[in-house]
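**Student:** Just need the structure, nothing else, for what follows:
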Amino acid sequence: KTEVLMQHVGNHYVFLANAFVKNISREKVLPGTITILWDASLSGIYRDTKKEIRLLEEYLKKVNNAKIKLVTFSNTILTSKDYTIANGVTSELKAALQNVVYDGGTQLGILNLQEWPADEYLLFSDGHSTYNNADMALTNAPVYAINSSARADYPSLHFITQKSGGTFINLITTEIADAKKLLLYQSLQFLGIKPNNAIEETFPALPTPVSGSVAVTGFSYDPKQEIILQFGYGSKVISEQRVYLDFDKQQTAKVDLSKRWAQQKIAEMDRQYDANK
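**Tutor:** Numbers count the residues shown, from 1 in each chain. Next comes the predicted model:
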């Protein structure tokens, strides 16, 4: 069931829909190709890279066999090398990561993921971009951002993972075993409202994990309207939920729905604070 509230504001109707959905995690299809994006800028000295490498080892043991491309970067692309993981053996890749020298600034915008096609991307970085362009060029494959630094740009990392359908993993608060599960399982996500010309400014606008319920706000230019909420894993829609807006039956004056809408919009804009300030 879905709870809906509406208010008439100017030439539109603000709505708040609370949809209740069972959160089901499922084991993902293991990747055959992985691109590892390893931040080798100077801020890497504040990361727990030993823990990051341990997590990568444990994950690749489960993947077992895969083609790996390791891309190291700072404010430029430093290296790009291919590895083959067979029967979970990662010794050559591990040695390369242990010998990374950390220096220079960071420019996430130099990462054009289309240059390194893969089933998924593992980004090891604190998320701070100190040079020029900070916008990574994403693909349809998910990016998993792994952070082990207390100085991280959390909103930026969350934005990258949400936009790509991946997951943010905070190794400061998450042990290796639990972090490994986050790499192996997918949580059901709210993927947005199906395109509708009578609906605008809906939030959340980015894929959002569902934890029992999801609150959706937006504008309708009609007092009566049908919207379709879409849910799925990664970027793939697997189910839809129809929600009926009816101002005559759902209008309320008890809460300020415009304020709730504004809070959601600000929260999403804050993911890219510098670009949206």
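**Student:** Which residue, other than its chain neighbours, is closest to residue 232?
**Tutor:** residue 238 (4.5 Å; Cβ to Cβ, 6 or more residues apart in numbering). Backbone N, C-alpha and C define where each C-beta goes, glycine included.
**Student:** Would you give the sheet partners of the helix or strand where the one you found lies, along with the direction of each?
**Tutor:** Taking DSSP states H and E as the criterion, the element that holds residue 238 is strand 236-246. Paired with strand 236-246 in the same sheet, following DSSP bridges, are strand 224-233 (antiparallel).
**Student:** Give me the distance between the residue nearest to residue 37 when sequence neighbours are not counted and residue 225.
**Tutor:** Leaving aside its chain neighbours, residue 37 sits nearest to residue 123 (4.6 Å; criterion: Cβ to Cβ, 6+ apart). Distance from residue 123 to residue 225, counting by Cβ to Cβ, to the nearest Å: 39 Å.
**Student:** So for these two, which residue has more residues nearby?
**Tutor:** residue 123 (27 against 18; other Cβ atoms under 10 Å).
**Student:** Beta-bridge partners for the more buried one, please?
**Tutor:** residue 37, residue 145.
**Student:** Identify the residues contacting it.
**Tutor:** Listed by Cβ atoms under 8 Å, 6 or more residues apart in numbering, the contact partners of residue 123 are 37, 39, 143, 144, 145, 146, 157, 160.
**Student:** The first one contacts residue 115, doesn't it?
**Tutor:** No: Residue 37 is not in contact with residue 115 according to Cβ atoms under 8 Å; the separation is 11.2 Å.
**Student:** Look at those two and report which has more neighbours.
**Tutor:** The neighbour count for residue 37 versus residue 115, taken as other Cβ under 10 Å, is higher for residue 37 (22 against 13).
**Student:** Who does residue 245 form a beta bridge with?
**Tutor:** According to DSSP bridges, beta-bridge pairing links residue 245 with residue 225.
**Student:** And it, how close does it get to residue 74?
**Tutor:** 50 Å.
**Student:** and what of residue 23?
**Tutor:** From residue 23 across to residue 74, the span is 38 Å (Cβ to Cβ).
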